[in-house]
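# Next one to model:
(one chain, ligands or ions: 1)
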Amino acid sequence: MIKVKAPLRQDSRSRVLDIIRATEPTSRIELVRETSLTPASITHLVRDLLAEGLVREVGQAESTGGKPRTLVRLNHDSMTAIGIQLGAASVGIVAANLAGNIVGRQILRGAKDLDPQVIVAFLAQAVEDLIGNLGLTRATIAGIGVAMPGPLDKPGGYLRNVAYLKNLSGFALANELEAATSLPVIVDNDATAAAVGEYWLGTTEAHSAYATVYLATGIGGGLVVNGMPYRGSSSNAGELGHISVDFRGPECPCGNRGCLELFAAPPVLMEQARLAPASAGLAEVARGNVEDGMSQLGILAARGNEAAKQIIREGAESLACGIVTLVNLFDVDMVVLAGPGFSSCEAFYLEEAQKALDSRTLARGVHNVSVVMSASPRDAAALGAATLALQDKLDRKPAAAVGK
Ligand SMILES: [Zn+2]
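Residues are numbered from 1 along each chain as shown. Next comes the predicted model:
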């Protein structure tokens, strides 16, 4: 059965790999049918992939009268990539194999207020630890993908003036991490990486246009349009947190006014909890990082704490307002909620977002828009970053295969 009809890649080699992954074991004949490439092209591509060890032959399909078909499948562990979700409150690191499966993970303290060189050293050490713990061969590691909040200078590999990661502003993280690990490093927006990650997690099957809302310290938006990540001209598309919801509202550090983030970001909700009277029973919420605070808030709400319910409900309503705008702008038919900020509060966010989408999007009479939780809210961005690193490696055809 074909799991995914809308591969996130365009070049023939990557498409063939995607289709093998989705349909394995499969045959050259089926690949011709699925890709519309010529039999000769498929034969060449599969021969190269076999030579590189990325796929292997696994016997023959039962004959239906003609010549038996040789089956091929991915050599899942022939290549692994490391994905890092670099956040102010926490850092998630995963290793993903060629099939897009997570084979190892680690959660570390956040990068807020740390000296950039300290961040590089602790990321490099964490990568080495993960490689060592999993017993991975270094030569099979495609590289490292780092998912970070925007605004991002993707070609330069660094952040620009992110309010909650100020310490990294203007720091060439990709170059420095590359030097520290001797592995190729690419960076991308965390919400875009999460959107790519959802494809690999299987959340977005059969959807070629969808958005992710990434809730961490800030609020990000990732977009997949026509099966491809949409990044805009500088990889900063979908900055949902900086949609103005009140143009006369308070100034945002980004320079805009009344941004959604000022009303709905987890630190704002935690601050409301901190300011609530002692009788509200929210004292625990304000302690610790975003994930712990939101988790605590969600647990209290589930136990019936009215003050907690109200704070989450209002945050979820504000976020839903931004989600309606995102859907109106990009006409996606699915929205996936991802990121550590949804910890234990999922039900509230899903309910408010679905209610708003059903009653307020411009095209609601034309098509429904469903909102779902990520299959792995914690890992989506890191997994997406890892698969982008895999893709980057695969797109750079190895020297041994060039000219065949
Ligand atoms: Zn703003």
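
# per-residue confidence at Y199?
With respect to pLDDT, Y199 has a value of 87.

# wouldn't it be in contact with G222 here?
No - counting by Cβ atoms under 8 Å, Y199 stays clear of G222, with 10.7 Å between them. Heads up, the C-betas are built off the backbone N, CA and C, glycines and all.

# quick one: contacts of the strand or helix carrying A96?
Following DSSP states H and E, one finds A96 within strand 90-97. Contact with strand 90-97 is made by 76-77, 79-85, 102-111, 123, 126-127, 130-131, 134, 136, 200, 289-291, 340, 378-379, 381-383, 386-387, 390, as judged by Cβ atoms under 8 Å, 6 or more residues apart in numbering.

# one step back: looking at Y199 and G222, which one has more neighbours?
G222 (32 against 26; other Cβ atoms under 10 Å).

# Identify the residues contacting that one.
189-196, 211-212, 214, 229, 238.

# Among those residues, which are located in strands?
Judged by DSSP state E, the contacts of G222 include N189, A211, T212, Y214, P229 as members of strands.

# State the distance from the first one to G298.
Put plainly, it is N189. 26 Å (Cβ to Cβ, to the nearest Å).

# and if you look at the third one?
From T212 over to G298 the distance is 20 Å, taken as Cβ to Cβ.

# Check whether A174 sits in a helix, strand or coil.
helix (DSSP: H, G, I helix; E, B strand; the rest coil).

# contacting residues for it?
A174 neighbours (Cβ under 8 Å, 6+ apart): V146, G156, G157, Y158, V185, I186, V187.

# Please identify which of those is nearest to the ion.
Y158 (19.7 Å; Cβ to the ion).

# Would you enumerate the residues in contact with that closest one?
Counted by Cβ under 8 Å, 6+ apart, Y158 has contacts L152, L168, S169, G170, F171, A172, L173, A174, V187.

# okay, it: pLDDT?
70.

# What separation do you get for it and V91?
17 Å.

# go on, G304?
G304 is 34 Å from V91, by Cβ to Cβ.

# If you count surrounding residues, which of those two has more?
V91 (21 against 8).

# For the longest helix seen in the chain, which helices and strands make contact with it?
Assignment by DSSP state H gives helix 306-330 as the longest helix of the chain. Judged by 3 or more Cβ pairs under 8 Å, 6 or more residues apart in numbering; DSSP states H and E, the packing partners of helix 306-330 are strand 210-215, strand 219-225, helix 261-264, helix 266-275, helix 290-302, strand 334-338, helix 346-360.
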